[in-house]
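**Student:** task: produce atomic coordinates for the following.
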Amino acid sequence: MAPTSVLDRPVRRSAPKPPDERINRTSSIPFLALHLVPLLAIFTGVSRTDLIVCAALYLGRMFFITAGYHRYFAHRSYKMARVPQFLMALGGTTAAQKGPLWWAAHHRDHHRYADTDRDIHSPSKGFWWSHVGWFLSDRFKATNVDGIRDFARYPELRWLDRHDWVGAWALGAVTFLLFGWSGLVVGFFVSTILLWHGTFLVNSVAHVFGRRRYETDDTSRNSLLVALATGGEGWHNNHHHYPASARQGFFWWEIDPTWYGLRILSWVGLVRGLRTPPERVLVSDRAS
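**Tutor:** The predicted model follows:
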């Protein structure tokens, strides 16, 4: 099927060599230092409640990233009213992965230039770069508003994008008030770190390891392990074949918890117009 928009299929373009991509060591210190916070559990201890909170915050915030930042804001694979749209964006900010406009605009660029020099996290630049280096580079610090004008027209989303720290800080404070120091360390910080690397796995692993069902103009692959870690995002070759779908596990045996959650939200009227791949897409461009 021929693509109908940039959101449906990547646009291949030639581009000049990218500018300097060195990691900003100063601004990277807080990100790297947070990886040491779990060591404080030696002093706070770890309870069963802390582990439950950690799992709940991981799964809940992963849904906001996959269903909200990715499948809604980046690909518009379903529709929401303005208030649920804001709440989905606010939930995404609690994952400490920057703002909804920043995230979605850069992800759209990834699809435009997948696996080329313009790809923001191309695996051809090495595992470290595709996994986390790009996230720490000044080159991608700003929000590309031109690439997300459809959502940048909402002032509340622009505010969230400028103050993307509010959601994470507020959630951290609430976690501390409810569960104390151990809840903050294990429940909030450990789940946040796991969230970062769970999300980054799609960029670094799902373009290198796994199986290819479809012939796409990139190296995207399907990975059950990545899908389990990310709420269904590991069916990455499916996704690059038809990015407009709200369902990335195209077949019933491809586990896609984000899709299941979106179906539930559609039953109660919070989302509508869930897009799925038509039959002709499912059978086209099969890899040999």
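**Student:** show me what the residue lying closest to residue 22 once chain neighbours are set aside bridges to in the sheet.
**Tutor:** For residue 22, ignoring the flanking residues on the chain, the nearest one in space by Cβ to Cβ, 6 or more residues apart in numbering is residue 137 at 7.0 Å. C-beta here means a position set from N, CA and C on the backbone, and glycine is covered the same way. Beta-bridge partners for residue 137, by DSSP bridges, are residue 23.
**Student:** look at residue 137 and report its pLDDT.
**Tutor:** On pLDDT, residue 137 comes in at 81.
**Student:** quick one: it from residue 192, how far?
**Tutor:** Plainly put, residue 137 is 20 Å away from residue 192 if you go by Cβ to Cβ, to the nearest Å.
**Student:** of the two, give the one with the bigger neighbour count.
**Tutor:** Using other Cβ atoms under 10 Å, the more surrounded residue of residue 137 and residue 192 is residue 192, with 22 against 19.
**Student:** contacts for the helix or strand of the chain with the lowest mean pLDDT next, please.
**Tutor:** Within the chain, no helix or strand scores below helix 25-33, which has a mean of 83 by mean pLDDT, DSSP states H and E. Residues outside helix 25-33 that contact it (Cβ atoms under 8 Å, 6 or more residues apart in numbering) are 135-136, 138.
**Student:** buried among those? Make that a ChimeraX selection.
**Tutor:** Buried subset of the contacts of helix 25-33, written as a ChimeraX selection, criterion 16 or more other Cβ atoms under 10 Å:
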select :135,136
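**Student:** out of the contacts of helix 25-33, which is nearest to residue 208?
**Tutor:** Closest to residue 208 out of the contacts of helix 25-33 is residue 135 (17.6 Å), distances taken as Cβ to Cβ.
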